[in-house]
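*Asks:* Just need the structure, nothing else, for what follows:
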Amino acid sequence: MFKKTSSDSGGTRNELKKGSVGTWQGAFYSLAQVGPAADIAILLIGTFRDVGFRSVTAVLVAWLIYGLWMITPYEFSKLRSNAGGYYAYSAASTKSGFYGPATAFSWLYENLTSSAFAVLGISSFLFLLSSEISSLKYLWVIFAIGMIVYVSVIPYLGIRPSVQYTFITGFAEVMFLFVASIIIIIEVGPGNSFVPFTLPFSIVPVFFLSMIFSISDFTGIGISTTISEEVTEPKKKIKNSLLLSYLFSGLALIPATYALTVGWGISGIGGFAGANDPGLIVFERYLGPIGGILLVIFTINSYLSNGVAKTNAVSRVWFSASRDKIIFPKSFSEVHKKYKSPHKAIRAYMILMLVINLLFGFLFGPKTGALILLTGSGIGIIFTHIYANISLTLYTRTQKVFKWLVHGLIPIASSIIAAVVIFYTVQQDILAQISAPSFDNFAYASSAVVGVIWSFVFAIIISFYYVRKKPKIATEAGTYDADHIKISWDK
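*Replies:* From the prediction side, this is the model:
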């Protein structure tokens, strides 16, 4: 059972700043990483490319699937408060700590590849805004570098400026997308249809392939767990932040996806994914220049907010794992004396973002490069959720707080669904390369396959390494708690 102690942190020098974040700030911090307006600009293109006018069904199903996945952080957040989020939950789930390294390594793959959403996403969006800009071949590089600097500096200055910024702009973004979507749907009139909500059995494999982008639309809903050491009363407030961010993400994205579908036109939806900034085209068509300008403003801000939230989350996971001596250098657990941010982890992430995004941008262009990296990102985050789901079941059983529905049935069911999505994603990407060999298709297939090898094969090998070669480190990993609640393995 749980035992409370006076301290298990080893001092305050390397602690994050406590009491800096509230419930609503935590909710929109998570929603910032979802980046609803930015999703319209990049990730939804991947979904429309795969399933066309049925994209709204894919997004709706993805939202429901993610709702199942949110049960795990929701339940864990009531029991544990650690900046490592899913990693720390998994590490503390068994006495051996087996799932901690696997989760950290799987999440690392997502961390490295998902930065493309903000960095290459905004570069692609701005680059394709006009033919004049697009004619300057490598202008996107300036956008990418500027983005990387921005999303590194703001988190470096501490959590408070970040969450204040994402709270104010995030609420405005959600309201704009929802209201604009309703207006577009009304303006379409007789063009509205139930056809986008149908799903013939023949397209199920491709539909599950589209899930990798649709699920990625909602990636980030659970990251408020990574600031649990900086929240007042985290075991009460984090779960509320998770619920709010989940509801607002659905409000922002589901109506918007349907509005884009009928606004573009069901019969001509095949041209959506290939167009330059198709979301902007639809908004300008029905909302005029003002609607288009507002979408541009909110999309740029959405990318900026996403990047800031992502860097905050990644640096705190690396900070937590480094504190436990898992995978990352010990220096990553150092906190800036003034800003109380994990500054060395932030700097390392900045360098890796620069290398990875510029490499894929030069090889494939910013738009395609982003989608290729995000294919791997989806694989990484899905495996992370699977490990966390397993860990919730194991942890609640050993701590004698197990409830068969929320700690057993739902985590198992959501993990099975996750495995199906991974299977079809890898299968369809490989089949695409076989049937239509190309450099791009090879890259998509490779991103998916490498994601599985990294997040499953290598991740499990690393866990075995720590459990067998460094058992003391593995056992103690993830046991830090902001409220100093220690774990007991007494029967």
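*Asks:* so where's the stretch 1-150 of the chain uncertain?
*Replies:* 1-13, 41-43 (pLDDT under 70).
*Asks:* Now with 50, please.
*Replies:* 1-12 (pLDDT under 50).
*Asks:* Show me the strands in it, by range?
*Replies:* Assigned strands in the stretch 1-150 of the chain, in chain order: 2-4 (criterion: DSSP state E, counting those that start in this stretch).
*Asks:* how far is stretch 242-250 from where the chain is centred?
*Replies:* Stretch 242-250 sits 14 Å away from the centroid of its parent chain (CA atoms, centre = their mean, to the nearest Å).
*Asks:* Could you export that stretch as CSV, CA atoms only?
*Replies:* The C-alpha trace of stretch 242-250 is given here as CSV (Å, rounded to 0.1, in the frame of the first residue of the first chain):
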residue,chain,number,x,y,z
LEU,A,242,-6.8,15.7,-18.4
LEU,A,243,-10.6,15.6,-18.7
LEU,A,244,-10.9,19.2,-19.8
SER,A,245,-8.2,18.9,-22.4
TYR,A,246,-9.8,15.8,-23.8
LEU,A,247,-13.2,17.5,-24.1
PHE,A,248,-11.9,20.6,-25.7
SER,A,249,-9.8,18.7,-28.2
GLY,A,250,-12.9,16.9,-29.5
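*Asks:* what's in contact with that stretch?
*Replies:* 23-24, 26-28, 30-31, 34, 36, 63, 66-67, 70, 73-74, 77, 174, 218, 221-222, 224-225 (CB atoms under 8 Å, 6 or more residues apart in numbering). Placement of C-beta: from N, CA and C, glycine included.
*Asks:* try it again with 7 Å
*Replies:* Contacts with stretch 242-250, where a contact means CB atoms under 7 Å, 6 or more residues apart in numbering, come from 27, 30-31, 34, 36, 63, 67, 70, 73-74, 77, 174, 218, 221-222, 224.
*Asks:* OK, contacts around Ala62?
*Replies:* Met211, Ser214, Ile215, Asp217, Phe218.
*Asks:* where does the last one sit relative to Tyr349, distance-wise?
*Replies:* The span separating Phe218 from Tyr349 equals 22 Å under the rule CB to CB, to the nearest Å.
*Asks:* Compare these two and say which is more crowded by neighbours.
*Replies:* Taking other CB atoms under 10 Å, Phe218 and Tyr349 do not tie; Phe218 has more neighbours (28 against 24).
*Asks:* Verify the contact between that one and Gly35 for me.
*Replies:* No: taking CB atoms under 7 Å as the definition, Phe218 is not a contact partner of Gly35, at 10.2 Å.
*Asks:* mind listing what Ala459 touches?
*Replies:* The neighbours of Ala459, taking CB under 7 Å, 6+ apart as the test, are Ala102, Phe105, Ser106, Phe383.
*Asks:* What residues does the first one make contact with?
*Replies:* For Ala102, the contacting residues are Tyr387, Ala459, Ile460, Ile462, Ser463, taking CB under 7 Å, 6+ apart as the criterion.
*Asks:* can you check the second one too?
*Replies:* Shown here is Phe105, whose contacts under the criterion CB under 7 Å, 6+ apart are Ile327, Phe458, Ala459, Ile462.
*Asks:* Pick out the most distant pair among those.
*Replies:* Ile327 and Phe458 (11.2 Å; CB to CB).
*Asks:* what does the average pLDDT come to for the strand or helix carrying Ser447?
*Replies:* According to DSSP states H and E, Ser447 maps onto helix 439-452. Mean pLDDT, computed over helix 439-452, is 94.
*Asks:* what's the offset of the helix or strand just after that helix from the middle of its chain?
*Replies:* Sequence-wise, the next helix or strand downstream of helix 439-452 (DSSP H and E) is helix 459-469. Remark: helix 459-469 is offset 26 Å from the chain centroid, using CA atoms, centre = their mean.
*Asks:* which other residues reach the following helix or strand past helix 459-469?
*Replies:* Note on helix 459-469: by DSSP H and E, the next helix or strand toward the C-terminus is helix 471-476. Applying CB under 7 Å, 6+ apart, the contact partners of helix 471-476 are Lys95, Ser96, Gly97, Gly100, Asp324, Lys325, Ile326, Tyr466, Val467.
*Asks:* pull the CA atoms of helix 471-476 into PDB?
*Replies:* Output in PDB follows, covering the C-alpha atoms of helix 471-476 (Å, rounded to 0.1, in the frame of the first residue of the first chain):
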ATOM      1  CA  PRO A 471      18.600  -3.900 -10.800                       C
ATOM      2  CA  LYS A 472      18.900  -1.300  -8.100                       C
ATOM      3  CA  ILE A 473      18.500   1.500 -10.500                       C
ATOM      4  CA  ALA A 474      15.500  -0.200 -12.200                       C
ATOM      5  CA  THR A 475      13.800  -0.900  -8.900                       C
ATOM      6  CA  GLU A 476      14.100   2.700  -7.700                       C
END
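*Asks:* other SSEs contacting the helix or strand following that helix?
*Replies:* Sequence order places strand 485-487 as the next helix or strand after helix 471-476, per DSSP H and E. Judged by 3 or more CB pairs under 7 Å, 6 or more residues apart in numbering; DSSP states H and E, the packing partners of strand 485-487 are strand 2-4.
*Asks:* what about Ser106, distance to Pro342?
*Replies:* For Ser106 relative to Pro342 (CB to CB), the value is 20 Å.
*Asks:* Next up, phi/psi of the closest residue to Ala92 other than its chain neighbours, please.
*Replies:* Nearest residue to Ala92, sequence neighbours excluded (CB to CB, 6 or more residues apart in numbering): Gly478, at 3.8 Å. The phi and psi values for Gly478, taken as degrees, to the nearest 10, are phi 80, psi 0.
*Asks:* and what of the one 5 residues further on?
*Replies:* According to degrees, to the nearest 10, the main-chain angles of Asp483 amount to phi -100, psi 10.
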